[in-house]
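Colleague: coordinates only, no sequence provided:
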């Protein structure tokens, strides 16, 4: 009788829960209307083609910075801006329609940038940067200029210098059912893509492993090169890789705590895909034994992601039916009893690949929405879940930029897998044109250096 | 009076079930009902004083538990309390293939079963997002494999867990692990030495069928076997 009553209650609750729930979100634009003039090539020290390329990079940086709405180019405004300071005094700049006017110019192989603050009528000048004429080098300088500009004008941290790790999956030549997957790294906009591994094996889930006072950019990733997937340590500078965690069985989906003192991963060392955590010392080496942190009968655990303070973990488990995202506090004592976990995703049935934002206020994850995996955000402050991406194509593996506003993810469809970037202000996804012909997956944004 | 109450409960249940099915498609609703049902049952079990999900072992011998030394397991009591009999977890062999101490080369030396053995080591298939082996034919297959392995102590086996393309890559990696370990558990329960069985999860990374429909997905949700004869 008790069970029948239970089932009845369950059916009623599901029937009610099935009702569509609308959450009203603020639609007020947070983007500043901005006019960015063409780069004035004053002494023709570089070819117009090269200057055009620089301009495209600057426009891309500003357009997708998440703060500016770029106004279309107008001939009259371009003419007016050729008059230097006088150009900023023009009546063409209406503070209701334009907040900032940006005027870049190249003189004697140096790029300068002036920003006119329309409302206050102030002008900010950004120090000149020397250009080499080599686009792959100079684009980094443009990114640096964008970050400086954002900090100078808006007092916000930029992210344009951060790199992105990803994998490229390609079929083995002449074999239709064999693939390899190698690690690549690129700038945030997809440029300067370089292959990091040539293992001829299968590499997945790369993450950055930033270390204090180290100029080497170390990384961790999973490789199948000896058969079973294991976590390896390598760097952007060296091709060698060494086994990082000494533990039996499969090691999958590593996640590093932002303070670098713990590594979480999934392992079947005990016979189930359980959540493990490995303590790291101040040199970034494994210390003490790995700890089996969470295991649940008949369940699959996946995708750990640390909170910024490294004290909590979000992860996926299907322990209560479908895969949902849970949060647990990492126990301090050495009792290692199964900790209490709290579910955070209630809106959708299937929720996977959580990523905790660097500022700790949000969780980005992939949730099946009308049969398509879309990126969703759980806001810890408001306790609300909302959909970030729309449109066709499955989207997974979100990774946050250091500014906690931009998210990079990969699409995963029968025909292709590509990297896309979006941000919480614009909610417009832009494809990252990366090198490496194949399926691009598992993007990971370089975190801010500790 | 009791009968009237029962009739009311059943009718209301049927009504809500049918209306909710119309709204969002039956598989989704049925899954939600299952999930909610599990929560409800747990609550009722708690109220009735039953320890949730518990299954006491008759003796310590039934608990293989994690072999200690290289990692710190969850408290044994926690693991013993949870479905230990129906969902046993047997630790992986201490050394991975190819490691010093394993006595066998790395997994690249494991081969697909020869034509002679292919009738013993047949691929096992799974339901969507599931790791339980429900098919009697598959259970019988595993018994045959176990008998073979018990007779041939020089044979080591690696179970590759695979998934179809529908879930995300990361989740499928974990699910593939679940599937391969489930087959491993059944082999161990049938008397095979757990130090001779390895697992690898490939998630959805190595599909055998390249299509994008039910048939291809069914073929790709599988556990495959590779063997090494010492």
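Modeller: Arrived safely, thanks for sending. Please read these numbers as outputs of a predicted model, since none were measured by experiment.
Colleague: which elements pack onto the helix or strand encompassing residue B:202?
Modeller: Applying DSSP states H and E as the criterion places residue B:202 in strand B:197-203. Contact here means 3 or more Cβ pairs under 8 Å, 6 or more residues apart in numbering or on different chains; DSSP states H and E; on that basis strand B:197-203 packs against strand B:155-162, helix B:169-189. All C-beta spots, glycine's among them, are computed from the backbone N, C-alpha and C.
Colleague: close to chain A, is the shortest one?
Modeller: Yes. With Cβ under 8 Å from any Cβ of the partner chain as the threshold, strand B:155-162 lies in contact with chain A, specifically through residue B:158.
Colleague: starting from that strand, tell me which strands it pairs with and how they run.
Modeller: strand B:197-203 (parallel), strand B:222-229 (antiparallel) (DSSP bridges).
Colleague: residue A:218 - how many residues pack around it?
Modeller: 18 (other Cβ atoms under 10 Å in any protein chain shown).
Colleague: nearest spatial neighbour of it, skipping sequence neighbours?
Modeller: residue A:209 (4.2 Å; Cβ to Cβ, 6 or more residues apart in numbering or on different chains).
Colleague: coming back round to it: closest one to residue A:317 among the strands paired with strand B:155-162?
Modeller: When these are compared by Cβ to Cβ, strand B:197-203 sits nearest residue A:317, at 16.4 Å.
Colleague: look up how far residue B:129 lies from residue A:290.
Modeller: Distance, residue A:290 to residue B:129, by Cβ to Cβ, to the nearest Å: 28 Å.
Colleague: and for residue A:312?
Modeller: 27 Å.
Colleague: okay, these two: which has more neighbours?
Modeller: Legend: neighbour count by other Cβ under 10 Å for residue A:312 and residue B:129, higher for residue B:129 (20 against 17).
Colleague: pull the contacting residues for that one.
Modeller: Residue B:129 sits next to A:318, A:322, B:167, B:175 when contact means Cβ atoms under 8 Å, 6 or more residues apart in numbering or on different chains.
Colleague: got the residues you listed as JSON lines, with neighbour count, pLDDT and secondary structure columns?
Modeller: JSON lines is the format used below for these (neighbours: other Cβ atoms under 10 Å in any protein chain shown; pLDDT from 0 to 100; DSSP: H, G, I helix; E, B strand; the rest coil):
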{"residue": "A:318", "neighbour count": "22", "pLDDT": "94", "secondary structure": "coil"}
{"residue": "A:322", "neighbour count": "17", "pLDDT": "93", "secondary structure": "coil"}
{"residue": "B:167", "neighbour count": "26", "pLDDT": "95", "secondary structure": "coil"}
{"residue": "B:175", "neighbour count": "28", "pLDDT": "96", "secondary structure": "helix"}
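Colleague: which residues touch the one residue in chain B that gets nearest to chain A?
Modeller: Closest residue of chain B to chain A, Cβ to the nearest Cβ: residue B:107 (2.4 Å). Residue B:107 sits next to A:226-228, B:97-98, B:158, B:198, B:200, B:226 when contact means Cβ under 8 Å, 6+ apart.
Colleague: swap in 7 Å and give it another go.
Modeller: By Cβ atoms under 7 Å, 6 or more residues apart in numbering or on different chains, residue B:107 lies in contact with A:226-228, B:97, B:158, B:198, B:200.
Colleague: quick check on it: phi, psi?
Modeller: Main-chain torsions, residue B:107, degrees, to the nearest 10: phi -60, psi -20.
Colleague: which non-adjacent residue is nearest it?
Modeller: residue A:227 (2.4 Å).
Colleague: run a quick neighbour tally on that neighbour.
Modeller: Around residue A:227 there are 21 residues (other Cβ under 10 Å).
Colleague: so it sits right up against residue B:199, yeah?
Modeller: No. Counting by Cβ atoms under 7 Å, residue A:227 stays clear of residue B:199, with 10.7 Å between them.
Colleague: list the buried residues of the longest helix seen in chain A.
Modeller: What stands out as the longest helix in chain A, according to DSSP state H, is helix A:135-154. Under the neighbour-count criterion of 16 or more other Cβ atoms under 10 Å in any protein chain shown, helix A:135-154 has A:135, A:138-139, A:141-143, A:145-150, A:153 buried.
Colleague: got the contact list for it?
Modeller: Helix A:135-154 has contacts (Cβ under 7 Å, 6+ apart) with A:50, A:53-54, A:57-58, A:61-62, A:65, A:67, A:100, A:113, A:115, A:124, A:126, A:129, A:131-132, A:156-158, A:160-161, A:187, A:191-192.
Colleague: what's the mean pLDDT across that helix?
Modeller: The average of the pLDDT scores along helix A:135-154 is 93.
Colleague: tell me the SS of the residue in chain A positioned nearest to chain B?
Modeller: Using Cβ to the nearest Cβ, residue A:227 is the residue of chain A that sits closest to chain B, at 2.4 Å. Using DSSP: H, G, I helix; E, B strand; the rest coil, the structure places residue A:227 in coil.
Colleague: over to the one 4 residues further on?
Modeller: The local conformation at residue A:231, judged by three-state DSSP, is strand.
Colleague: residue A:223 is in contact with that one, correct?
Modeller: No. When contacts are counted by Cβ under 7 Å, residue A:231 is not listed as touching residue A:223 (8.4 Å).
Colleague: touching chain B at all, the helix or strand following the longest helix of chain A?
Modeller: Reading on from helix A:135-154 to the C-terminus, the next helix or strand found by DSSP H and E is strand A:163-171. No. Strand A:163-171 does not reach chain B (Cβ under 7 Å from any Cβ of the partner chain); its nearest approach is 7.7 Å.
Colleague: if we can go back for a sec, where's the residue nearest to residue B:107 relative to residue B:97, distance?
Modeller: From residue A:227 to residue B:97 the distance is 6 Å (Cβ to Cβ).
Colleague: same question for residue B:151.
Modeller: Taken as Cβ to Cβ, the span from residue B:151 to residue B:97 is 22 Å.
Colleague: same question, residue A:362
Modeller: 42 Å.
Colleague: for residue A:348, helix, strand, or coil?
Modeller: Residue A:348 is classified as coil under three-state DSSP.
Colleague: pLDDT score for it?
Modeller: Reading off the model, residue A:348 has pLDDT 95.
Colleague: just checking, it touches residue A:370?
Modeller: No. Counting by Cβ under 7 Å, residue A:348 sits too far from residue A:370 to count as a contact (9.9 Å).
Colleague: so these two - more neighbours on which side?
Modeller: Taking other Cβ under 10 Å, residue A:348 and residue A:370 do not tie; residue A:348 has more neighbours (19 against 7).
Colleague: what's the nearest residue to that one if we skip its chain neighbours?
Modeller: Here the residue nearest residue A:348, using Cβ to Cβ, 6+ apart, is residue A:367, at 3.9 Å.
Colleague: how many residues are close by the one you found?
Modeller: Residues contacting residue A:367 under the criterion other Cβ under 10 Å number 25.
Colleague: hmm, residue A:349 and it touching each other?
Modeller: No. Residue A:367 is beyond contact range of residue A:349, at 8.3 Å (criterion: Cβ under 7 Å).
Colleague: what number of residues are in the vicinity of residue A:242?
Modeller: Neighbours of residue A:242 using other Cβ under 10 Å come to 7.
Colleague: repeat for residue A:288
Modeller: 12.
Colleague: repeat for residue A:361
Modeller: Using other Cβ under 10 Å, residue A:361 has 15 neighbouring residues.
Colleague: let me see the confidence value for it.
Modeller: Listed pLDDT for residue A:361 reads 97.
Colleague: how about residue A:29?
Modeller: For residue A:29, pLDDT reads 66.
Colleague: one more: residue A:240?
Modeller: The model's pLDDT for residue A:240 equals 89.
Colleague: where's it, which helix or strand?
Modeller: Counting by DSSP H and E, residue A:240 is part of no helix or strand.
Colleague: what sits closest to it if chain neighbours are left out?
Modeller: residue A:234 (6.6 Å).
Colleague: now for the one you found: which residues touch it?
Modeller: A:219, A:221, A:240-241.
Colleague: try it again at 10 Å.
Modeller: A:183, A:196-197, A:203, A:206, A:209, A:217-221, A:223, A:240-242, A:244 (Cβ atoms under 10 Å, 6 or more residues apart in numbering or on different chains).
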